[in-house]
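Trainee: Okay, here's the prediction I keep looking at, along with the sequence it came from:
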Amino acid sequence: MSDVKVEAVELEATDKLVMNQVPLSAELSEIGESPLHHADLASIAEHGPQEGGVHFHERKLMGLLTLRCLPSAEQQEMIKSLLGVALPMQPLTSVTTDESTIGKVSVRWVSPDEWLIIIEGDKAFDIESSFHDKLMGHFSLVNISGGTTIFDVSGSHVVEMLKKSTPVDLHASEFPVGKVVSTVFAKSGAMICRLADDQFELVVRRSFADYLWLWIQDASREYGLVVKA
Amino acid sequence: MFHIYCPHCCEYREEEEFHASGQAHIPRPLDPDACTDKEWGEFMYFRANPRGIHHELWVHGAGCRKYFNITRNTHTYEILEVYKVGEKPSIVANEAK
Amino acid sequence: MQHYSGFGLLKHSFSHHENWQRVWRNPTPKKKYDVIIVGGGGHGLATAYYLAKEFGVTNVAVIEKGFLGGGNTARNTTIVRSNYLWDEAAHLYEHSMKLWEGLSQDLNYNVMFSQRGCLNLGHTLQDMRDIERRVNANRLNGIDGEVLDAQQVKEIVPVLDCSDRARYPVMGASWQPRAGVARHDAVAWGFARGADTRGVDLIQQTEVEDLIIEDGTVVGVRTARYGEIRADRVGCVVAGNSSVLAKMGGFELPLESHPLQALVSEPIKPILDTVVMSNQVHGYASQSDKGDLVIGAGIDGYNGYGQRGSYSTIEHTIQAIVEMFPVFSRVRMNRQWGGIVDTCPDACPIISETPVKNLFFNCGWGTGGFKATPGSGHVFAASLAKGEMHPLAKPFSMFRFHNGALVDEHGAAGVAH
Amino acid sequence: MTQDLSKQSNRLQDGGRIDRSKPLTFTYNGKQYKGFEGDTLASALLANGIDIVGRSFKYSRPRGIVAAGAEEPNAIMQIGSTEATQIPNVRATQQSLYNGLVASTTNGWPNVDTDLMSWVGKIGGKMMPPGFYYKTFMYPKSMWETYESYIRKAAGLGRAPKENDPDIYDKMNQHCDVMIVGAGPAGLMAALTAARAGARVIIADEQNEFGGSLLSSTETLNGKPAAEWIAEVVEELSGFDDVLMLPNSQVNGYHDHNFLTIQQHCTDQFADRAPNGQIAQRLHRVRAKWVILATGAHERPLVYGNNDLPGCMVANAVSTYINRYGVAPGKDLVLMTSNDNAYRTALDWHDAGRNVVAIVDSRKNPQGTFVAAARERGISILVSSGVIEAHGSKRVTGVSIAPLNDAGDAIVGSVVKMMADTVATSGGWSPVIHLSCHTGARPVWNDDILGFTPGATVQKQLTAGAINGAFSTVQVLEEGLSAACDALAHLGLDKPDVALPEADVIEEGKAMALFHIPHTKPTSKAPKQFVDYQNDVTAAGIELACREGFESIEHVKRYTAMGFGTDQGKLGNINGMAIAAKMLKQTIPETGTTIFRPNYTPVTFGAIAGRDCGELFDPKRYTAMHAWHVERGAKFEDVGQWKRAWYYPQGNETMQDALNRECLATRESVGILDASTLGKIDIQGKDAREFLGRVYTNAWAKLAVGKCRYGLMCGEDGMVFDDGVTSCLAENHFLMTTTTGGAARVLSWLEIYHQTEWPEMEVYFTSVTDHWSTMTISGPNSRKLLEKITDFDVSKENFAYMDWKAMTVAGGIPARVFRISFTGELSFEINVQANYGLHVWKTLFEHGKEFNLTPYGTETMHILRAEKGFIIAGQDTDGSVHPFDLGMPWAVSMQKPFSFIGKRGMQREDCVRADRKQLVGLKTIDPNVVLPEGAQGVLDPKAPIPMPMVGHVTSSYWSANLKRSVAMGFVKGGLEKMGEKVFYPLADGRVIEAEICSPVFLDPKGERQNV
């Protein structure tokens, strides 16, 4: 009997270990380099154009986690208590709260059994740990923070820029604030969420970030592109 | 250029987001080792390929990444219905009824 | 048969061209033939021609639901080459190439076979490995071929962007000098004229509604227009609709019918003297004698009998063309169209006996049927004449999909052509 | 300022929609001319009295402008003021005039006015009936290429530029409730109705301003000139947020499920190059809930002798030039018509102060509003007559007119000649049904309107106006309103308050079905009667085609090339079909329908490509360490979309020098590879282990937590398509790696099986390729190097081969380190969150100096693994080999309870043959010779061609470590042929001899990786 118990304890320890291992300290997060690090957006923001129809900002080094599950009522309840917000169950919807104990949390519907959780970068470890400690049943939670970045695009011509890039209908009647879609973006893909009438969030993959940055610069050229630090 | 209703996202999306994955409803034999070469070959390669009503598997690759089925007329390109994996089509070709 | 020549044209010009003979008759079918060929496209007409000319079988009918040569023969990009990877395919296509080389004279009909050469570009290290492999195999199989570096490619096609600016720079190419293009309609008409002259009945506007099968043996076809027409052997050569015919025979084929699109530019002055193909960038082009750039698009992923595909496929193709040939950016696309191609899982055709006795199928040429027209017709004619498959056709039995002896030519056929 | 009109000899003193206060200068065939803003190039050429604008394709006959829009077949120009901005084949009737426009004709030598080729055409033309080229140029065979080079030189219209295009084209995706094609009266009425109802509307028109037919007519609406009504509607439409108005925009394609493409000319009307920063053309990709086609109709010319002489025009085009552009393209007009409508042209001509010689009407008793008006003006009308021939050499100088019988197919009296410089003809109107055909609908012949109208369709399509054969403005407006109301009803929107404007009431007599005017001579002997101008197709040619047995209309078209020009037969197709029908004694619908395909008018390649070219043609995917590789002078290799460091040359090193150095450094001390591009898939769930067992060929049931294992993945056919190492992170948690190129395919492979075959299995797959930066340190000193950046115990005892460990590296960065090896050396694959990849990489270099840490690229990786006989899926496999062919039976577990994917396939009859091609090592007899990859092996190098081949070389390198070449390749039955010889005959004549051996050239016992 004791043997079995020891094994179980070890397994649990391993389970925790294999998640994001150790929380990154504030000091270490200083050396983190977002996918557009090489583009030196800070100096473009400082020296580049200050007026234009499209505004661009990289919300870098955020915590992004993919949650996969077909949540039971208990799981939904637990997830709500862990995130401070209930999972959006309606297709193509999202929720955001500032109220949670871990700060601002956004949850984006991706598919009937997939959500993207967006939090501050230094909170990913806590979330991962709490899910694995407390959420029972079949699910998967994967940290994709290193592989993903967020482009915040806005401005008076942001819709035109997006219309050059994605085939989804962005008209307010079809794409209200809060709606989220995963779709084609140029020759790559993006998860697009409307944050305000003229503000969108694009969640993109790291390896495509430079291509998409080039694309957005090009698509914005006729409207003027303003980079925000 | 198809306009396809994704039964998971519950809205129409452009064909560029999807990918056709061939004929639907071709279950993998439960005991492959008991299949003859002929049976295995037919499972892998032989297809109905009708001119008319066809049930096919598509995936919303750039969207929710879910597979689902489409009943489509291969001649007129009309999409007659979409339904989830595991469900049965409600529209079938006359002779198959 | 009225002999065609420049002198004949001159002679007829004096009588204002009023005395040219019909190119083919418009016969009413007999009750019974030795061989019925279902499908009056290039392959079917070539089969009829060679049956009559080479194998002495003249009691033959070709039954065509529309007009002669109106299917994929009328809709392809006319590329002819034989640089296939595997021995079985290479021998078959080279057999065809040899027939092409004397075809205009053989038919006394100028099919405008123009051996302008064909480049298959390599853009990655693996492309270049595959090119080496294929060219070496071709060479040892007696098929002309060379591996060229980027500089040599540039010399052959000055308008091709061989610079490092390209997203996928050209690293080299395989080059088959004997490859080229031909005038697609003329191929069908030339074979039709040759077959008709030798007694073959070409029955147009007649759709086969069913195959008549007695005791597992095919004995004829049923048509809407003429009812039953009997035959000892039936050969189906109905690219695009093979599965529909197979269903009449009570079996399935390992085929999917997909739209394959092509397009032409407006005619421009000569600028592209050879055929250029790229798997990696995914487009290919040649220039016709009339001046059009003839461009092939990829195959659409879904099954379709509509003779049209998706616009995104056209867009990708044009992107590839502009990427390869930036100077074509200001040239304009005149017309696009689509064919229906029967694709086989191994990108090779089916020339085969079937589960029904005396019923033979020639299909599954996918994107590459035009170049095989004479060779396919010749080996199929031999098989129909003798009732057993020609040695070059044997590897292409439909039953290879049971035993696993596939001839996987996806590498050579990667881009639709 | 008074205008100097002296040079614009055909410009009227007033009238037209041109702006006479804005004169423009343009160059045509090297000479300067003047026009006005609002002109098209065609109207400006006509204003300047230019008759000849081209030479015909086959016969080099002089050709003039015949139409005023998209249907123009002759005025095809080369435009462009610089080499890079050349545009071939611009239709002068659709090109707005701008200051500085440079145009030239595309054919004619030495020039278009005096073309020596025309003599060839005159003499040789007799020998060039349709299809003549099929009947000649065959003998001698060797001459064909010479003949062909002349044919090619003679063909083609304009030319492509020699320099790259400086312009930018882009695309925009649009969505709307109602897409209205055509902004004539029907389209505008429909747009106004839909817009007022609150629908999202797009309305596009190919012309530079909205109004369609109203722009070139003298009609009134609500008692005011039609232009005022147009202006009111346009102004109201522009006030709606959800209405997109696109002038200068051709709707060129109508695709399935109401997807349409529109080419918008954004700056073509201003210059041949877009002003800096502006988009030259934009392609709109529209998805519409409903489509209203209000595309109007094209007038058909009549077919008669020498009808291609400059001065022969379509009647309505003449009216357009007068009313819209203030240009009368001649002095003395003969109008030939089979209908009332065309009488307007004679009225316009007369009212412009020019001389109408006669109206030649094929009908017996024409009556109607316009006929009466002509009579009122005293214009002479010849009834039951036709113009059988035009006379002249470079311009019409006169016509022959003959009385016709009631059917219009025979001459029943004597011929009279009249002087005239312009012949306008009308055979009625052909609805512009092109778009309605694009999705496969077959048009329907309508005897009442003598034209094809749109056939039944499965698209959500409505039609309004002349496309339906409704030709009066009253009817057209009504149809626009009613189509919009139908669309609104389908959309669930209420019909708004909208009233029809009041239009002039016009009575028209019945038109006659007339296409081809008979001549006193039989067609074959009569002067050429052109049907398709651009391809020189004549009535005689069509008759000949029918005589020769080309009876299907498709055969006729293909044999004669009718309709294959850049105008796609907009003027000629129906006349051609009528002539064929007459010849074949059939009706037009029996002869066949006309089918149109996209594009309606040609579209610039650049616009279709949009921004997806050059730098943006395809994404370049980068790893987190990419900038470092660039800085170190790496050469890159394209692997899928990834840019991977290939090798790192230093100084004057050749590629081989660099590879030798990288290989030696790695085996002697330590090298480092950026392996971030490998596909990585996180797999979680209680059935994860079982799932792995089903998709890999080997066993996974007992892989312990903390352990890694290599696996092969096969298709159902048993053929290998990917491989990689999968690690057990926790009991129900695995990390799978795939090849760089195979990552997406493997993930879809897992998903499709999970979602469609085994949905009951509790497992989830998530791509983490981009999340992790992966760097492999390899070589005897790799452990020492790792120790420098971690406190974790990485000793052999604590961290065994094929284990993985979690630790922190480089000052606290969490890492997963895998002790796996693709080089055969002691290796550690360090994975860190990608935001820290470059930091850790640099930290390794900080500590690596003492070990001569050497970065190596994919090529060195390939060499090192080849020394060990490790395969690369995709290079050493090609989709036709199974694990046994690869000599890897150890990677297959036939005992697994579940029949894993590939098991059944690899046991088929052909897959268990003894003489299959099998992967073996190849040792060249001369160790200094490196076999070329792709070389084909034979057993008998002296065998005649075709030589029986036994297999090809898949991987081959110079091994600096072994100081000899190493290679792998396939040999038939090779696994049973160890020690035997294979020969590789190369293109350069060399024959390389090699011995079949084990593919493991280095350290066969694996001692180096196990230290």
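Mentor: Received, thanks. Residues are numbered from 1 along each chain as shown, chains lettered A, B, ... in the order given.

Trainee: and the closest residue to D:Arg324 other than its chain neighbours, backbone torsions?
Mentor: Nearest residue to D:Arg324 in three dimensions, chain neighbours excluded: D:Ser216, at 4.3 Å (C-beta to C-beta, 6 or more residues apart in numbering or on different chains). The C-beta positions use only the backbone N, C-alpha and C, and glycine is treated the same way. Here is the backbone geometry of D:Ser216 (degrees, to the nearest 10): phi -120, psi 20.

Trainee: Around D:Ser216, how many other residues sit close by?
Mentor: Here the count is done by other C-beta atoms under 10 Å in any protein chain shown, and D:Ser216 has 24 residues near it.

Trainee: thought it was touching D:Gly326?
Mentor: No - in this structure D:Ser216 lies outside contact range of D:Gly326 using C-beta atoms under 8 Å: 11.3 Å.

Trainee: after the helix or strand of chain A with the lowest mean pLDDT comes which helix or strand?
Mentor: Least confident helix or strand of chain A, by mean pLDDT, DSSP states H and E, is helix A:2-18 with a mean of 39. Per DSSP states H and E, the first helix or strand lying C-terminal to helix A:2-18 is helix A:26-29.

Trainee: Could you list the low-confidence segments of chain B?
Mentor: Counting by pLDDT under 70, chain B has low-confidence residues at B:95-97.

Trainee: separation between the spatially most central residue of chain B and B:Gly22?
Mentor: With distances taken as C-alpha atoms, centre = their mean, chain B has B:Glu56 as the residue nearest its mean C-alpha position (1.6 Å). Distance of B:Glu56 to B:Gly22, given as C-beta to C-beta, to the nearest Å: 7 Å.

Trainee: What of D:His952?
Mentor: D:His952 is 31 Å from B:Gly22, by C-beta to C-beta.

Trainee: Of those two, give the one with the bigger neighbour count.
Mentor: D:His952 (26 against 13).

Trainee: How about the backbone phi and psi for residue 40?
Mentor: You didn't say which chain, so I picked chain A. Here is the backbone geometry of A:Asp40 (degrees, to the nearest 10): phi 50, psi 60.

Trainee: That was the other one, I meant chain D.
Mentor: Dihedral angles for D:Thr40 - degrees, to the nearest 10 - are phi -90, psi 170.

Trainee: Might one say that it is in contact with D:Tyr98?
Mentor: No - using C-beta under 8 Å, D:Thr40 is not in contact with D:Tyr98, being 10.7 Å away.

Trainee: Please point out which parts of stretch D:106-119 sit buried.
Mentor: D:106-108, D:112, D:115, D:117-118 (16 or more other C-beta atoms under 10 Å in any protein chain shown).

Trainee: show me where chain B has helices.
Mentor: In chain B, the segments counted as helices under DSSP state H are B:37-45.

Trainee: Let me see the ranges of the strands in it.
Mentor: B:3-6, B:11-14, B:19-23, B:53-59, B:67-73, B:79-84 (DSSP state E).

Trainee: One more: the stretch 501-650 of chain D?
Mentor: Secondary structure of the stretch 501-650 of chain D (DSSP state E, counting those that start in this stretch): strands at D:530-532, D:537-538, D:603-604, D:635-639, D:642-647.

Trainee: Tabulate those strands in CSV, adding columns for mean pLDDT.
Mentor: Below are the strands of the stretch 501-650 of chain D laid out as CSV (pLDDT from 0 to 100):
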stretch, mean pLDDT
strand D:530-532, 97
strand D:537-538, 96
strand D:603-604, 97
strand D:635-639, 96
strand D:642-647, 98
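
Trainee: Adding mean neighbour count and distance to chain B as columns, could you present these in JSON lines?
Mentor: Output for the strands of the stretch 501-650 of chain D, formatted as JSON lines (neighbours: other C-beta atoms under 10 Å in any protein chain shown; distance: least, C-beta to the nearest C-beta, whole Å):
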{"stretch": "strand D:530-532", "mean neighbour count": "30", "distance to chain B": "31"}
{"stretch": "strand D:537-538", "mean neighbour count": "30", "distance to chain B": "32"}
{"stretch": "strand D:603-604", "mean neighbour count": "25", "distance to chain B": "16"}
{"stretch": "strand D:635-639", "mean neighbour count": "18", "distance to chain B": "21"}
{"stretch": "strand D:642-647", "mean neighbour count": "23", "distance to chain B": "19"}
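
Trainee: How about the residue in chain B that chain A sits nearest to: what's its closest non-neighbour residue?
Mentor: Residue of chain B nearest chain A, by C-beta to the nearest C-beta: B:Cys64 (3.4 Å). Leaving aside its sequence neighbours, B:Cys64 sits nearest to A:Ser111 (C-beta to C-beta, 6+ apart; 3.4 Å).

Trainee: neighbours around the closest residue to D:Val763 other than its chain neighbours, how many?
Mentor: Ranked by C-beta to C-beta, 6+ apart and with sequence neighbours excluded, the top spatial neighbour of D:Val763 is D:Gly685, at 3.5 Å. Number of residues near D:Gly685 (other C-beta under 10 Å) recorded here: 22.

Trainee: quick one: the residue nearest to the centre of chain B from B:Gln23, how far?
Mentor: 6 Å.

Trainee: Name the next helix or strand following the host helix or strand of D:Ala190 along the chain.
Mentor: Using DSSP H and E, D:Ala190 sits within helix D:185-196. Tracing the chain past helix D:185-196, the next element assigned as helix or strand by DSSP H and E is strand D:201-204.

Trainee: how far is that next one from where the chain is centred?
Mentor: 24 Å (C-alpha atoms, centre = their mean, to the nearest Å).

Trainee: For the residue of chain A found nearest chain B, give the beta-bridge partners.
Mentor: Ranking the residues of chain A by distance to chain B (C-beta to the nearest C-beta) places A:Ser111 first, at 3.4 Å. On the basis of DSSP bridges, A:Ser111 is bridged to A:Glu114.

Trainee: what's the neighbour count on it?
Mentor: Residues lying near A:Ser111 (other C-beta under 10 Å) number 17.

Trainee: Could you tell me what pLDDT the model assigned to it?
Mentor: A:Ser111 carries a pLDDT value of 98.

Trainee: mind listing what it touches?
Mentor: With contact set as C-beta atoms under 8 Å, 6 or more residues apart in numbering or on different chains, A:Ser111 has these partners: B:8-9, B:63-66.

Trainee: if we go to 6 Å?
Mentor: Contact partners of A:Ser111, counting by C-beta atoms under 6 Å, 6 or more residues apart in numbering or on different chains, are B:8, B:64, B:66.

Trainee: Around D:Glu751, count how many other residues there are.
Mentor: Residues within reach of D:Glu751, counting by other C-beta under 10 Å, total 17.

Trainee: Show the pLDDT at it.
Mentor: With respect to pLDDT, D:Glu751 has a value of 98.

Trainee: One more: the one 5 residues further on?
Mentor: As predicted, D:Thr756 sits at a pLDDT of 97.

Trainee: my guess is it is in a helix, correct?
Mentor: Yes - the assignment for D:Thr756 (DSSP: H, G, I helix; E, B strand; the rest coil) places it in a helix.

Trainee: close enough to count as contact, it and B:Val85?
Mentor: Yes - taking C-beta atoms under 6 Å as the definition, D:Thr756 is a contact partner of B:Val85 at 5.3 Å.

Trainee: what is in contact with the two at once?
Mentor: What both D:Thr756 and B:Val85 touch, as defined by C-beta under 6 Å, 6+ apart, is the set B:Tyr67.
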